[in-house]
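1. when you get a sec, could you give me coordinates for this:
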Amino acid sequence: MWSFIGSALAFVAGIVVLIRLFQKEGVLKGILGLICMLYTYIWGWMHVKDTSLNLKTWMWIWTGAIVLVLS
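-> Next comes the predicted model:
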């Protein structure tokens with residue numbers, strides 16, 4: 001049950017961060033992020049202080065969801 005909830009949260013947060021990646025970096029890096037979500041995750045944490053992207057909450061949700069799934 002908890003792994004399903006964590007997976008759903010991680011999926012939604014990952015998609016939101018991926019959309020912000022497409023908007024900020026363009027199509028090529030967006031496709032890279034789509035192919036390798038680890039790139040999207042790292043990019044999100046690298047740009048978490050950029051207030052125009054509003055990533056802080058989404059990155060914490062994504063990280064918490066990963067921890068929830070792995071526990």
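2. contacts only, for the residue nearest the centre of the chain.
-> The residue lying closest to the centre of the chain (Cα atoms, centre = their mean) is G14, at 3.3 Å. Applying Cβ atoms under 8 Å, 6 or more residues apart in numbering to G14 gives the contacts 37, 40-41, 62. Bear in mind the C-beta positions are built from the backbone N, C-alpha and C, glycine included.
3. and the longest helix along the chain, what's buried?
-> In the chain, taking DSSP state H as the definition, the longest helix is helix 2-25. Buried residues in helix 2-25, counted by 16 or more other Cβ atoms under 10 Å: 6, 9-10, 13-14, 16-18, 20-22.
4. for stretch 37-51, same thing?
-> Within stretch 37-51, judged by 16+ other Cβ under 10 Å, the buried ones are 37, 40-41, 43-44, 47-48.
5. do stretch 60-71 as well
-> Quick answer for stretch 60-71 (16+ other Cβ under 10 Å): 61-62, 65-66, 69.
6. which ones among the contacts of G14 map onto helices?
-> Among the contacts of G14, the residues falling in helices (DSSP H) are 37, 40-41, 62.
7. ok, so of the residues you listed, who is nearest V27?
-> Distance to V27 across these (Cβ to Cβ) is lowest for T40, with 14.1 Å.
8. sec struct for the nearest residue to the closest one once chain neighbours are set aside, please.
-> Of all residues not flanking T40 in the chain, G33 sits nearest, at 3.9 Å (Cβ to Cβ, 6 or more residues apart in numbering). G33 falls in the helix class when you classify it by DSSP: H, G, I helix; E, B strand; the rest coil.
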